[in-house]
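> Following is a predicted model, sequence given first.
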Amino acid sequence: MDRPIALVVALAQERRPLQRRLAAARQGRADEFRLIVGELAGQAAVLIQAGIGRDRARRALLAAAHRFPFRAAWSLGFAGGLAEALCAGDVVCPAAVLLDDGRTGRSFGVAPAQTAVRAALAAAGLRMHDGPLLTVDDPLRTPEVKRAAHRRTGAVAVDMEAAGVAEAARDLGIPWLAIKAVVDAAGEALPAFLAGCTTAQGELRWRGLLRGLASGGCRRTLWRLHRASGQAARGLERALDVAFAAWSP
């Protein structure tokens, strides 16, 4: 196998649409982390389901790197909008990732090759934004908190994993980038019950989901997020195809 690109996601919901893009896919594991090994556009790729959070993303990439000599690492998946202009399904290909852990406030610049990727995404007609991406340790659940984070940092979107991929890629000495698709806009809240719907490994927790479905208000929220997640997954699939063709580190 040629040196592969690591594609790191948090959730099974993010992995499944991207897994469909891989040819000759086969399952594997690196420690506790699920791997899908395959090819995209004739290039070797390893899709890694890390689970939720920066630490798991970092550990998953480092664990997989013991098995594969990666030439680059990509942080892929869903994000929340912080800037008002972002809608469900929009793609964020940030020029920098900001770590908001309450201590360091570090910034990670992406690989120079991401300039070509951003240009290709825009040329393909995707609604693409290149402002900073904010990585946080805890979800930003309310419109007020999201807008405050945007004013404070200038970030256009928020996730919980990209800085972990950046940290591991730095340790491995390989280039990295991030491509995220927006699910919840800045003005949309994320109810607290959603935390009980997903395991730390990124799998659906059916008991939590069924509890949410038992409530009328929660059902409406879940239906809204289901539709938005579908839009985000389609945007992410298309962005992956375009980005792979444009990537040249």
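Arrived safely.

> gap between residue 13 and residue 99?
Separation of residue 13 from residue 99 (CB to CB, to the nearest Å) stands at 24 Å. For every residue, glycine as well, the C-beta is placed using N, CA and C.

> tell me which element the most centrally placed residue in the chain is part of?
The chain has residue 77 as the residue nearest its centroid, 2.5 Å off, counting by CA atoms, centre = their mean. If you go by DSSP states H and E, residue 77 is part of strand 72-81.

> Could I get the contacting residues of the residue nearest to the centre of the chain?
9, 10, 11, 14, 159, 161, 180, 181, 236 (CB atoms under 8 Å, 6 or more residues apart in numbering).

> Could you do residue 60 as well?
8, 30, 33, 48, 49, 50, 51.

> how does it look with 7 Å?
Under the criterion of CB atoms under 7 Å, 6 or more residues apart in numbering, the neighbours of residue 60 are 8, 33, 48, 50.

> which among the residues you listed gets closest to residue 93?
residue 8 (15.3 Å; CB to CB).

> Identify the bridge partners of the closest one.
Bridge pairing for residue 8 (DSSP bridges) gives the partners residue 48, residue 75.

> For it, the count of nearby residues, please.
30 (other CB atoms under 10 Å).

> Select the longest helix from this structure.
helix 216-246 (DSSP state H).

> and it, what does it pack onto?
In terms of contacts (3 or more CB pairs under 7 Å, 6 or more residues apart in numbering; DSSP states H and E), helix 216-246 is packed against helix 12-19, strand 72-81, helix 114-123, strand 176-184, helix 206-213.

> List the buried residues for it?
Across helix 216-246, burial judged by 16 or more other CB atoms under 10 Å covers 218, 221-222, 225, 228-229, 231-233, 235-236, 238-240, 242-244, 246.

> Could you tell me how far that helix lies from the centre of the chain?
Relative to the centre of its chain, helix 216-246 is centred 11 Å away, using CA atoms, centre = their mean, to the nearest Å.

> just the angle between that helix and helix 12-19, please?
With axes from the mean of the first three to the mean of the last three CA atoms, to 10 degrees applied, the angle from helix 216-246 to helix 12-19 works out at 30 degrees.

> Any idea how many residues pack against the closest residue to residue 232 other than its chain neighbours?
Leaving out its chain neighbours, the residue that sits closest to residue 232 by CB to CB, 6 or more residues apart in numbering is residue 181, at 3.8 Å. By the criterion of other CB under 10 Å, residue 181 has 30 neighbours.

> and residue 181, what does it touch?
With CB under 7 Å, 6+ apart, residue 181 has these contacts: 78, 79, 89, 91, 232, 235, 236, 239.

> pretty sure the last one contacts residue 121?
Yes: the pair residue 239 / residue 121 is scored as a contact, 5.9 Å apart, by CB atoms under 7 Å.
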